[in-house]
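**Q** Predicted model and sequence follow; I will ask about them next.
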Amino acid sequence: MKITHIEHIGIAVKSIEEQLPYYEGILGLKCYNIETVEDQKVKTAFFMVGQTKIELLEPTDEESTIAKFIEKRGEGIHHIAYATENVNEALKEMEDKGVRLIDKEARGGAEGLRIAFLHPKSTGGVLTELCEHPE
C-alpha cells in the first residue's frame, strides 16, 4: 500500500453551525463544502489547511456512529484519513498483515471519495480511514 498524503482529519462536533465561527472567524479558514452523507447519518463540513482537509462531522441521527462517539467521548478528533491509490487493495494488504478491518470493501464517502476504516484496536488506538479519490 502506498499512502500519498494525509487526506483529512475528522473532528466530531455536535453542531457544524456552532463551530463555523471558530474555524472561519478565529482560524481564518474557509468552509468550502457542506454535505450530508445519508447512509452514514452525518453532515460534513470541509476546510483546507495547506494540502490537508479538516472535516467536521455532525450526527444527523442519534443512532449514528458520530452521535455515539460524542456521547461516549465528547467532541474532538474522531479519525485520521490517509489517501491511497486503491482502497480495496490496501484493505487486502492490511488484512494480510493482521490488521482488523471495519470495512471489508470500499464504500462511498463525502466528496465522492471511496473510503474504508481500520479498527482502532489494530492501529494504536487511532480510528484510521483509507481514501481513494475518484478518477
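**A** Arrived safely. Residues are numbered from 1 along each chain as shown.

**Q** State the distance from the closest residue to residue 98 other than its chain neighbours to residue 35.
**A** Nearest-residue entry for residue 98: residue 122, 7.4 Å, with adjacent residues in sequence omitted and distances by CB to CB, 6 or more residues apart in numbering. Bear in mind the C-beta positions are built from the backbone N, C-alpha and C, glycine included. Residue 122 sits at a distance of 29 Å from residue 35 (criterion: CB to CB, to the nearest Å).

**Q** Have a look at those two and say which one is more surrounded.
**A** More crowded of residue 122 and residue 35, by other CB atoms under 10 Å: residue 122, with 17 against 13.

**Q** pLDDT value on the more buried one, please?
**A** pLDDT, residue 122: 95.

**Q** Go ahead and confirm it touches residue 102.
**A** No: assessed by CB atoms under 8 Å, residue 122 is found out of contact with residue 102, at 9.7 Å.

**Q** List the pairing partners of the lowest-mean-pLDDT helix or strand in the chain within its sheet, with orientation.
**A** Of all helical and strand segments in the chain, the minimum by mean pLDDT, DSSP states H and E falls on strand 107-108, at a mean of 94. Strand pairing for strand 107-108, using DSSP bridges, gives strand 114-118 (antiparallel).

**Q** Let me know the next secondary structure element after the partner strand.
**A** Next in sequence after strand 114-118, counting helices and strands by DSSP states H and E, comes strand 128-132.

**Q** So what touches that following strand?
**A** 7-8, 10, 79-87, 90-91, 106, 109, 113-118, 120 (CB atoms under 8 Å, 6 or more residues apart in numbering).

**Q** how big is the angle separating that strand from strand 114-118?
**A** Here strand 128-132 runs at an angle of 160 degrees relative to strand 114-118 (axes from the mean of the first three to the mean of the last three CA atoms, to 10 degrees).

**Q** Could you spell out the sheet neighbours of strand 128-132, each with its direction?
**A** In the sheet, strand 128-132 lines up with strand 76-84 (parallel), strand 114-118 (antiparallel) (DSSP bridges).
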